[in-house]
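[1] okay, predicted coordinates and the sequence, questions at the end:
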Amino acid sequence: MRDELKPKKCARQMRRNAKKKQALPAWANVAAIQIIYERAAFLTKSTGVPHNVDHIVPLQGKTVSGLHVENNLQILTQCENQTKGNRWWPDKP
């Protein structure tokens, strides 16, 4: 698969998964979400360090569930993302 298509495939796959979990609201800015996935792919390619797009508030947390929207996404290295898991988010009660 061409490198240019990987972020688009990842974004489509996450949108599909988010819809299944009913976490993608109708008002979500899909173009902004796409850009975040493209940035993560660019960082991976330019640094050689795998980067992931992470949900700040997990989609399926034990006490709260976040949305698949641009302001709930962040780019982390794969190592940071695996360490974080879905146990933490800012201002966690």
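    Thanks, I have the structure now. Computed from a predicted structure; not experimentally measured.
[2] which helix or strand contains residue 39?
    Using DSSP states H and E, residue 39 sits in helix 30-47.
[3] mind giving me the packing neighbours of that helix?
    helix 5-20, strand 51-55, strand 73-77 (3 or more CB pairs under 8 Å, 6 or more residues apart in numbering; DSSP states H and E). Placement of C-beta: from N, CA and C, glycine included.
[4] winner for burial among these?
    Most buried of those by mean neighbour count (mean count of other CB atoms under 10 Å) is strand 51-55; its value is a mean of 20.
[5] direction included, what does it pair up with?
    strand 73-77 (antiparallel) (DSSP bridges).
[6] excluding covalently adjacent residues, which one is nearest to the residue nearest the centre of the chain?
    With distances taken as CA atoms, centre = their mean, residue 53 lies nearest the centre of the chain, 3.4 Å away. Spatial nearest neighbour of residue 53, excluding adjacent residues (CB to CB, 6 or more residues apart in numbering): residue 40 at 5.0 Å.
[7] again with residue 34
    residue 11 (5.0 Å).
[8] surely the one you found and residue 31 touch.
    No. Applying CB atoms under 8 Å as the test, residue 11 and residue 31 come out as separate, 10.0 Å apart.
[9] follow-up on the earlier one: bridging residues for the residue nearest to the centre of the chain?
    With DSSP bridges as the criterion, residue 53 is bridged to residue 75.
[10] quick revisit: what lies in contact with the helix holding residue 39?
    Outside helix 30-47, the residues that touch it by CB atoms under 8 Å, 6 or more residues apart in numbering are 3, 6-8, 10-11, 14-15, 49-53, 68-70, 73, 75.
[11] what's the angle between it and strand 73-77?
    Between helix 30-47 and strand 73-77, the angle comes out at 10 degrees (axes from the mean of the first three to the mean of the last three CA atoms, to 10 degrees).
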